[in-house]
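In: Generate coordinates for the sequence data below:
(3 chains)
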Amino acid sequence: MEGAGSREYRKGLWTVEEDRILMDYVKVHGKGKWNRAAKVAGLKRGGKSCRLRWMNYLSPSVKRGAFSEEEDDLIIRLHKLLGNRWSLIAGRIPGRTDNQVKNHWNTHLSIKLGVKKGKSKISSSKFSKKIEASFNTKLSSNERLIPSNKTETELQNVIEDSHEKEIEITSTHEPILTSDCYENFWLFNDDSYLFTPSLMELLDESLESFMA
DNA sequence: AAATCACGCAACCGCAGTGAT
DNA sequence: TATCACTGCGGTTGCGTGATT
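Out: Reported below is the predicted structural model:
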């Protein structure tokens, strides 16, 4: 039982020194076994705290900084269908964690869309008419528009397929990535990525036929 | 300049699922 | 089969900081 017994755990924000210790530990031993990691590394933190710190902050795959419009768009689309399944949504957005997506939704997107107050303020022309229309009819953040004759697994497969198709398409293109702009570039196997119009279109097409 | 407010985000909590023994 | 350790998830809290009064 974590927290029980004589062992006392530090709480609150991580210090630079704690970060360094955890980073060093992961470099040598790899991820996992966080409870043991905390003890072996000499951190006065629980395993869960170590795991969270690594996953949400220290991991080199975590992307920092503001969310792009494309990311916002994708989150909104996926949330519309998946509800508060933050890990699933985050899994479709390279470099973003479930915590980041959840926080971003709660502090920006839900307000922007007027979900909590029951009114939509969607203004972006990027939304497909059908997705926007159906979103406006369902105000609760927990409601999803999965047809009664479909399963969530089928829905996830649709999203997976769209992503697969996207990768297929982008693999045939040359990169047009710029260092300071996330717009209009493609997805690759290295750390760089992008949201292309084709991904959005594929997702819309797939979801529309799924919902039909 | 000090006090208060509001916002954004990191971190915590409780629970469920999974795998090893 | 039961138990335990561990991981992962979503909801929530509370701290830090900038804006406002």
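
In: For chain A, what lies in contact range of DNA strand B?
Out: With the criterion set to Cβ under 7 Å from any atom of the strand, chain A comes near DNA strand B through A:3, A:10-14, A:45, A:48-49, A:52-53, A:56-57, A:66, A:99-100, A:102-104, A:106-108. C-beta: built from backbone N, CA, C; applies to glycine.

In: Try it again at 6 Å.
Out: If contact is defined as Cβ under 6 Å from any atom of the strand, the residues of chain A in contact with DNA strand B are A:11-14, A:49, A:52-53, A:56-57, A:99-100, A:103-104, A:107.

In: In helices only, show me those residues.
Out: Members of the residues of chain A next to DNA strand B lying in helices (criterion: DSSP state H): A:49, A:52-53, A:99-100, A:103-104.

In: mind giving me a markdown table with those and columns for pLDDT and neighbour count?
Out: As requested, those are arranged in a markdown table below (pLDDT from 0 to 100; neighbours: other Cβ atoms under 10 Å):
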| residue | pLDDT | neighbour count |
| --- | --- | --- |
| A:49 | 92 | 21 |
| A:52 | 92 | 17 |
| A:53 | 93 | 20 |
| A:99 | 92 | 16 |
| A:100 | 93 | 20 |
| A:103 | 91 | 13 |
| A:104 | 92 | 19 |
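
In: And chain A, what are its domain boundaries?
Out: Annotated domains of chain A cover A:16-58, A:69-211 [automatic domain parsing].

In: end-to-end on the shortest one?
Out: Spelled out, it's domain A:16-58. 11 Å (Cα to Cα, to the nearest Å).

In: again, but for stretch A:61-80
Out: So stretch A:61-80: terminal residues 26 Å apart, Cα to Cα.

In: So it, near DNA strand C or not?
Out: No: using Cβ under 6 Å from any atom of the strand, stretch A:61-80 stays clear of DNA strand C, coming no nearer than 10.3 Å.

In: swap in stretch A:87-105?
Out: Yes: using Cβ under 6 Å from any atom of the strand, stretch A:87-105 reaches DNA strand C at A:87-88, A:98, A:102.

In: Would you mind naming what in chain A lies close to DNA strand C?
Out: For chain A, the contact set with DNA strand C under Cβ under 6 Å from any atom of the strand comprises A:12-13, A:32-36, A:47-48, A:51, A:84-88, A:98, A:102, A:106.

In: try 7 Å this time
Out: Counting by Cβ under 7 Å from any atom of the strand, chain A comes close to DNA strand C at A:1, A:12-13, A:32-36, A:47-48, A:51, A:55, A:84-88, A:98-99, A:102-103, A:106, A:142.
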